[in-house]
Every structure is written in C-alpha cells, then in structure tokens.
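Participant: Next come a sequence and a model predicted from it.
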Amino acid sequence: MTTPPIKLLLSDFAFRTWGPRIASAVPSGGLAFVTAEAAVAGDGPRDIDFAFMTREVTGRSSKNNQTPELRDFEIVLRRSPRLRWLQIHPAGAERPIYRELRDRGVKVTTGSGATAVTVSHSVLAAVISLTRRFPRHADAQQRHAWEPQIGDRAPRDLKGQCAVVVGLGPIGRNIAALLKVLGMKVIGVRRSPEPVEPCDRTIAYDRLGDVLPEADWLILCCPASPMTVGIANAAAFAAMPAGAYFVNVARGEVAVERDVIAALASGKLAGAYLDVFEREPLDPASPLWDMPDVLVSPHTAGHSLGQNEAIFEIFLDNLARWRAGQKLRNDVDNLG
C-alpha cells in the first residue's frame, strides 16, 4: 500500500519562496502543499498534518488588530483535526490560538534565536543613542540650534553603569554580552537564579525588587507570562535611581504603560526605548510620541532582511527532527 503524502499548510508567499527547498527535504512524493488562501474556502475539515506560519501571515497583526491573513490561517488550523505540529516565526507564543492547539496535543515550535542578534543590536543602538543624547541632538538639528552637551549637561559614561536584563533567552543573553563589551555591569533576571553567562549575577523574577535600586537601565526581553505581566510598574520605577532608563523589547503587557508615561513625565526616568505597547498600533494621541528622550519603534526591533531565512532554517531543522521522531527545537511545552 502506498503511504499518502504528509500535508503542509503554509501561505502562498511561503510556498512560492521556499516550496522547492521544502520539497527537496522530503522524499519524492512524500509531501503535499496546501496554501491557506486555497484551504480557507469551504466549511469542511482539512487533512493538514503540519503547518508553517510565516511572518507575512502575522507580521501586520497585533494582539488588538488581527489581519485577514492571520484570521484565515487560524480558521484552517482549527479545521484541521489531523494537525500535529505548527512552526511559528516569533520567539514568543502568546496568541490564544497557540494555547488552543497545544491543548489539542499539537506541538507548537517558535523561531526563538532567529531574531536574537537583530534585537540585541536594536537595544545596543538605543542604549548608546539615549546615553549620548542623540534624540536631543536631532531635535537641535531640526531647530538649527548649536547646543553642545558639555559641563553639567555632559552625558554619563556607560562604563560602570548597571543594566538589569529581564529575560535570559537568546535575546537577553546577546544583550548582556554586548553591554559587557561596553564595560557595564549586568544583572540577569529569569525564572530561576542559576548563573547565566555573561551576566555578573542572576536572580529569579520574584527578587527583581532587590536589584532595582542598582538599575541604571531596566531592559525587558522576557516572554509575557503570569510571572512577568506588569512587572515594570510604578513601584519598580520608584525603586530605581533617579535618571534611570527603561527599554522594552519584550511584550507591551509586561509594562504598565501609564506608569511608564508618569515616570517619564516626572523625570524619574530619563528616557526610554519602546518597541512594544499595550495596544498596537500605538494611539496617535499617546504622549509617548512627543516625549523627549523617548524612542518609539513600531514593534520592529527584530526585523531584518535576513530574518525570514533564519526562521526558515529553524523550520527545516525541525522538519527533519519531526520526520525522525526526535525532540523538536523550541518546543513551547519543553522550554527550560
């Protein structure tokens, strides 16, 4: 008896971009492609075995604003009772659909690690930019004003400053390594206090308050979870030294946005780099847009031309593991 081919769900874009390379990883005749655009038509079940949800499906969606591409892909996933594995592109798996599928026994694997270098470079750029007062120079340039940052206005040296990095996955570890190159002290925060290179010290989430008085920088790069939602709040900012900085490249709900705004407005925080927000897109009326020494980016800290290829390589690796019955890389249910 001939074994039927396994069926892969993906977008039309992903099929056109990577179809031949995916097909070459499976014996001839062993794989069939199904595009979400074609599969969403009709009401019956779909005989999908596994799925690859790439950036163009979710990239323009936010937790508050689902695009038609993502909605249609999720419809097909829910209509696929045979589905056994879903590869997604982001490092985090907070969308409700992922929990729903995992409750059905579907393996969900992430793109963790694919954006680690890019996000850490974004954070490094922001740390240097804020410390060296680049936003103020840009403002002065727009006004054609010569305003040297000298004397009492001179910026502090980064060497010797302390950064508290919350979340020590690939992104957090890369950030820590770059900050150490600048001569900074790094305290890492994670679920357990076991040492993690290259941090000088590692603590558990529930001890964050103990180190905030040392934090010249509070940098969030952790997943959203019951342990982390709202972790950057008024009490946290109050515990930090006056003139500290805040960076959020994690998830919007990990910080209490009104408390961030209040701390910036009062001068408790000297500045911030914010890539994620409680509601996205950020409201045009938000005061964050116009606050001095605040850098706002539209959830793009990890975007780069090479990101899609890096995530595709994770998918190919996992495809080989899945077909061999091996442990999948970045399995949400088996993360340490």
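Facilitator: That came in fine, so what should we check first?
Participant: ok, now how distant is Gly42 from Leu86?
Facilitator: Separation of Gly42 from Leu86 (Cβ to Cβ, to the nearest Å) stands at 21 Å. C-beta here means a position set from N, CA and C on the backbone, and glycine is covered the same way.
Participant: my bad, should have said Ala176
Facilitator: Distance, Ala176 to Leu86, by Cβ to Cβ: 30 Å.
Participant: ok, back up a step: more crowded one of Gly42 and Leu86?
Facilitator: Neighbour totals were compared for Gly42 and Leu86, and Leu86 leads with 25 against 9 (other Cβ atoms under 10 Å).
Participant: who's in contact with the more buried one?
Facilitator: Phe50, Ala51, Phe52, Met53, Leu77, Tyr98, Leu101, Val106, Lys107, Val108, Thr109 (Cβ atoms under 8 Å, 6 or more residues apart in numbering).
Participant: Using the three-state scheme, assign Lys7.
Facilitator: strand (DSSP: H, G, I helix; E, B strand; the rest coil).
Participant: That one is in contact with Phe52, isn't it?
Facilitator: No. Look at Lys7 against Phe52 with Cβ atoms under 8 Å: they stay out of range, at 11.8 Å.
Participant: At which residues are the helices of the stretch 101-250 of the chain located?
Facilitator: 116-131, 134-142, 170-181, 208-211, 234-239 (DSSP state H, counting those that start in this stretch).
Participant: Looking at those helices, which is nearest to Ala270?
Facilitator: helix 116-131 (7.6 Å; Cβ to Cβ).
Participant: which strands and helices sit next to that closest one?
Facilitator: helix 170-181, strand 244-248, strand 269-274, strand 294-296 (3 or more Cβ pairs under 8 Å, 6 or more residues apart in numbering; DSSP states H and E).
Participant: After the worst-scoring helix or strand of the chain on mean pLDDT, heading C-terminal, what element do we hit next?
Facilitator: The helix or strand of the chain with the poorest confidence is helix 55-58; it has a mean of 91 (mean pLDDT, DSSP states H and E). Counting by DSSP states H and E, the next helix or strand C-terminal to helix 55-58 is helix 68-78.
Participant: Pull out the buried positions in that next one.
Facilitator: By neighbour count with 16 or more other Cβ atoms under 10 Å, helix 68-78 contains the buried residues Glu69, Leu70, Asp72, Phe73, Glu74, Val76, Leu77.
Participant: now stretch 153-173
Facilitator: Quick answer for stretch 153-173 (16+ other Cβ under 10 Å): 158, 161-173.
Participant: got the end-to-end distance for stretch 285-301?
Facilitator: End-to-end distance of stretch 285-301 (Cα to Cα, to the nearest Å): 22 Å.
Participant: any idea of the mean pLDDT in that stretch?
Facilitator: Throughout stretch 285-301, pLDDT has a mean value of 97.
Participant: Run through who's touching that stretch.
Facilitator: 62, 118-119, 122-123, 126, 129-130, 133, 135-136, 139, 249, 257, 260-261, 264-265, 270-277, 280-282.
Participant: List the contacts of Ala215.
Facilitator: Cys162, Ala163, Val164, Ile187, Met240, Pro241, Ala244.
Participant: Where does pLDDT dip in the stretch 201-336 of the chain?
Facilitator: For the stretch 201-336 of the chain, residues meeting the criterion pLDDT under 70 lie at 335-336.
Participant: now do 90
Facilitator: Low-confidence segments of the stretch 201-336 of the chain (pLDDT under 90): 334-336.
Participant: just checking, Gly252 touches Phe277?
Facilitator: Yes. At 4.3 Å, Gly252 counts as touching Phe277 under the criterion of Cβ under 8 Å.
Participant: More neighbours: the two, which one.
Facilitator: More neighbours surround Phe277 than the other of Gly252 and Phe277, with 23 against 20 (other Cβ under 10 Å).
Participant: which residues touch that one?
Facilitator: Phe277 neighbours (Cβ under 8 Å, 6+ apart): Gly252, Glu257, Ser286, Leu288, His299.
Participant: just checking, the fourth one is part of a helix?
Facilitator: Okay, so that is Leu288. Yes. Leu288: assigned to a helix according to three-state DSSP.
Participant: any idea how far Phe246 is from it?
Facilitator: From Leu288 over to Phe246 (counting by Cβ to Cβ), the distance is 11 Å.
Participant: Compare these two (neighbour count), which wins?
Facilitator: Higher neighbour count among Leu288 and Phe246: Phe246, with 26 against 17, using other Cβ under 10 Å.
Participant: My read is that the more buried one contacts Val260, right?
Facilitator: Yes. Counting by Cβ under 8 Å, Phe246 touches Val260, with 6.5 Å between them.
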